[in-house]
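In: sequence and predicted structure are below.
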Amino acid sequence: DFEADTDRWLDVRWDDERAAGERFPARLALTSLNEPGSLAAIAGAIAEEAGNIENLTMLARSPDFHEMTVDLTVHDLKHLTMIIRRLKRLRSVSTVVRVNG
């Protein structure tokens, strides 16, 4: 029985004090307006929430919109949620979702 075999358990809590200072990878898919300053606003919003951008990939470009993925590191799920919330408030961002990557 898996529940009785605690040797097979893995602690995955991000808010554990022992993990203080640790960062975890996350990937976001974004659609933003194709206008001057939109990428700077996205990077600035992530930086203001103390997220760390590891990689940014443009997936599609059109005269009006850009689709991209942003790989970043965060402290925990609450931290990631704060970053997503901040990005959604940007006028230049039309969609932002967490994706598995």
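Out: Right, received. Where do you want to start?
In: ok, now which ones touch Glu54?
Out: Neighbour list for Glu54: 25, 71-73 [criterion: Cβ atoms under 8 Å, 6 or more residues apart in numbering]. In short, each C-beta sits where N, CA and C put it, glycine included.
In: next one: Ala41
Out: 90, 92-93.
In: for the contacts of Glu54, which one is nearest Arg86?
Out: Comparing the contacts of Glu54 against Arg86 with Cβ to Cβ picks out Leu72 as the nearest, at 12.2 Å.
In: is that closest one part of a helix or strand, or is it coil?
Out: strand (DSSP: H, G, I helix; E, B strand; the rest coil).
In: which residues does it bridge with?
Out: Under the criterion DSSP bridges, Leu72 forms beta bridges with Ala26, Ile53.
In: that one against Gly51, yeah?
Out: Yes: because the distance of 4.8 Å satisfies Cβ atoms under 8 Å, Leu72 is recorded as touching Gly51.
In: more neighbours, these two?
Out: Regarding Leu72 and Gly51, a neighbour count based on other Cβ atoms under 10 Å identifies Gly51 as having more, with 25 against 21.
In: the more buried one against Asp71, yeah?
Out: No: in terms of Cβ under 8 Å, Gly51 does not count as a neighbour of Asp71; the distance is 10.6 Å.
In: what about the helix or strand of the chain with the lowest mean pLDDT, distance to the chain center?
Out: Sorted by mean pLDDT, DSSP states H and E, the helices and strands of the chain end with strand 52-61, the least confident at a mean of 93. The chain centre lies 11 Å from the centre of strand 52-61; the measure is Cα atoms, centre = their mean, to the nearest Å.
In: same question for stretch 22-33.
Out: Remark: stretch 22-33 is offset 3 Å from the chain centroid, using Cα atoms, centre = their mean.
In: could you dump it to CSV, C-alpha only?
Out: Provided in CSV are the C-alpha atoms of stretch 22-33 (Å, rounded to 0.1, in the frame of the first residue of the first chain):
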residue,chain,number,x,y,z
GLU,A,22,15.2,28.1,-3.3
ARG,A,23,13.6,28.8,-6.7
PHE,A,24,11.5,26.5,-8.9
PRO,A,25,11.0,26.6,-12.7
ALA,A,26,7.7,27.7,-14.2
ARG,A,27,6.6,28.4,-17.8
LEU,A,28,4.0,30.9,-18.9
ALA,A,29,2.4,31.3,-22.3
LEU,A,30,1.7,34.9,-23.2
THR,A,31,-0.1,36.8,-26.0
SER,A,32,0.8,40.5,-26.1
LEU,A,33,0.2,43.4,-28.4
